[in-house]
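Chemist: what's the 3D shape of this:
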Amino acid sequence: MSRSTRTSTAVALLAASLPVSARAQGSADAGVSAPSGALAGGAPPHSACVEHIPEGKQRPAIVETFPERGRAGYAAVLAIEVPHGLGETVLPGGFRLLLDSPEGRALSAAGFVIPALDGPAAPRVLRDDAEGQVRTRVELPFVPLPKDPGPQTLSLPSVPIAIARPSGELVTVCTAPHTLRVDDPTANVAQAAPRPNPPPLRQREVWTAAKNVALTALVALPLGALIALLVGLWLRRSKPVPPPPPPRPAWEVALEALARVRNQRLLEQGLTGQLFDEVSLAVREYLGRRFGFDGLECTTRELLEQLARLGTSAPTRDLVEEIELLLRRADLVKFANLTPEVAECELALERGERIVRETMAQPARPTLEVASRVEVPAAGRNA
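Modeler: Reported below is the predicted structural model:
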């Protein structure tokens, strides 16, 4: 038994997993029946629908409703009630329109178009499982657009309705052709005159520039805040404390202290005891810092003992005797209330400056090494 395949998905079709074509049988035993409208007087010449009824399966008794009159440009709804089994699905793939299919060309030749599928007049499929009998109501809107003005009579061609069975087999049923009396939109108005334009409606459009600015701000503001936070944390980070300046040499401090004592003019004021005491303190502090002990906390005997332990780095014997003479004289002035003479005070100040200068650390002098000596022969030496 031979079969030929013919596309029948112009107006409404099918599940994505099911075939999108109806098959016409080539013999009388194939189970193909003509649409009900075509049985009486034959299908219109522009009808392209072909039914496909599986062998041994009866044609569903569909009930169709279509208005007799309509107006050009206004949708006329073809309502179809399809009884079917519980596991069967009507229009499993939804409603689609293929303008280049035979059904699409037939519909366009008849003067009908289908409204936008996402508009308010989109097709609807309503399934009702009440009372144990399953029925599906399909509402397909068609907009008549006759080519000529005035009353017209248009014939809606057959429309294929696909039913998917649980076994995956496909049943295609064609509706009957319907006649529609089409009037002009103004046919019910006597001496119709042009109407003014309707009032303007508010329309919202996408403001691309503002949208881009808003998106940029949404990204830039958090990013800027994050950068500012990171910069603030970086500026407030704990910074390493700079190293303290190197300590001044002990002899510089001591010479400045002795110069300060000289510039105070204590002798002119008669403060000989104070001059002796300040000279002693300056020398004691210098000797302690110079040789590594606390000179201010040492007595004269302890200070001399510290100097004696220095060994080779200790001051000379004569200088140690001058230090002892200066410090013991200062002890008498401080503790025995001895009043020194002016000449003795001047001698003590000079002695303190000499002690500091003679115990200063001498800078290391670079040594020059002679690699070799070259003997130059004397000129005019006889052979």
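Chemist: Show the pLDDT at residue 328.
Modeler: Predicted confidence (pLDDT) for residue 328: 90.
Chemist: Let me see the ranges of the helices in this protein.
Modeler: 36-41, 102-109, 208-235, 250-263, 272-291, 300-308, 317-335, 342-358 (DSSP state H).
Chemist: is it possible to export the ones you listed to a markdown table including distance to residue 54 and mean neighbour count?
Modeler: Glycine gets a C-beta too; all of them are placed from N, C-alpha and C. Below are the helices of the chain laid out as a markdown table (distance: least, CB to CB, whole Å; neighbours: other CB atoms under 10 Å):
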| stretch | distance to residue 54 | mean neighbour count |
| --- | --- | --- |
| helix 36-41 | 19 | 14 |
| helix 102-109 | 21 | 19 |
| helix 208-235 | 55 | 10 |
| helix 250-263 | 119 | 16 |
| helix 272-291 | 118 | 21 |
| helix 300-308 | 125 | 15 |
| helix 317-335 | 133 | 16 |
| helix 342-358 | 127 | 17 |
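Chemist: okay if I get the ones you listed as TSV plus distance to residue 68?
Modeler: What follows is those, written out as TSV (distance: least, CB to CB, whole Å):
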stretch	distance to residue 68
helix 36-41	15
helix 102-109	19
helix 208-235	50
helix 250-263	124
helix 272-291	126
helix 300-308	134
helix 317-335	140
helix 342-358	133
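Chemist: Mean pLDDT lowest where, among these?
Modeler: For those, mean pLDDT drops lowest on helix 36-41, to a mean of 35.
Chemist: still on that earlier bit, ok, which of the helices of the chain comes nearest residue 159?
Modeler: Closest approach to residue 159 among the helices of the chain (CB to CB): helix 102-109, 7.4 Å.
Chemist: okay, now the domains of the chain?
Modeler: The chain breaks down into these domains under automatic domain parsing: 3-183, 250-358.
Chemist: Redo those domains as JSON lines? Include distance to residue 211.
Modeler: Converted to JSON lines, the domains of the chain look like this (distance: least, CB to CB, whole Å):
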{"stretch": "domain 3-183", "distance to residue 211": "24"}
{"stretch": "domain 250-358", "distance to residue 211": "74"}
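Chemist: Among the helices of the chain, which comes closest to residue 55?
Modeler: helix 36-41 (20.3 Å).
Chemist: ok, residue 195 - how many residues close by?
Modeler: When neighbours are defined as other CB atoms under 10 Å, residue 195 has 8 of them.
Chemist: What distance do you get for it to residue 136?
Modeler: 41 Å (CB to CB, to the nearest Å).
Chemist: again, but for residue 289
Modeler: With distances taken as CB to CB, residue 289 is found 111 Å from residue 136.
Chemist: thinking again about what came up before, looking at the domains of the chain, which is nearest to residue 226?
Modeler: Ranking the domains of the chain by proximity to residue 226 (CB to CB) places domain 3-183 first, at 42.5 Å.
Chemist: can you pull the contacts of residue 330?
Modeler: 276, 277, 279, 280, 348 (CB atoms under 8 Å, 6 or more residues apart in numbering).
Chemist: could the residues you listed be laid out in JSON lines, adding distance to residue 86?
Modeler: Listed next are the contacts of residue 330 as JSON lines, based on distance: CB to CB, whole Å:
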{"residue": "276", "distance to residue 86": "128"}
{"residue": "277", "distance to residue 86": "123"}
{"residue": "279", "distance to residue 86": "124"}
{"residue": "280", "distance to residue 86": "123"}
{"residue": "348", "distance to residue 86": "129"}
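Chemist: ok, the residue nearest the centre of the chain - contacts?
Modeler: Centrality entry for the chain: nearest residue to the mean C-alpha point is residue 219, 6.9 Å, by CA atoms, centre = their mean. Applying CB under 8 Å, 6+ apart, we find residue 219 in contact with no residue.
Chemist: Over to residue 146?
Modeler: 72, 111, 152, 154, 182.
Chemist: can these go into CSV with extra columns for neighbour count and pLDDT?
Modeler: Formatted as CSV, the contacts of residue 146 follow (neighbours: other CB atoms under 10 Å; pLDDT from 0 to 100):
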residue, neighbour count, pLDDT
72, 20, 90
111, 21, 89
152, 17, 87
154, 19, 93
182, 22, 91
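Chemist: from the residues you listed, which is closest to residue 295?
Modeler: Nearest member of the contacts of residue 146 to residue 295, counting by CB to CB, is residue 72, at 122.9 Å.
Chemist: Kindly list the main-chain dihedrals of the closest one?
Modeler: Backbone torsions for residue 72, taken as degrees, to the nearest 10, come to phi -60, psi 130.
Chemist: State the distance from it to residue 181.
Modeler: 11 Å.
Chemist: That concludes my questions; thank you for your assistance.
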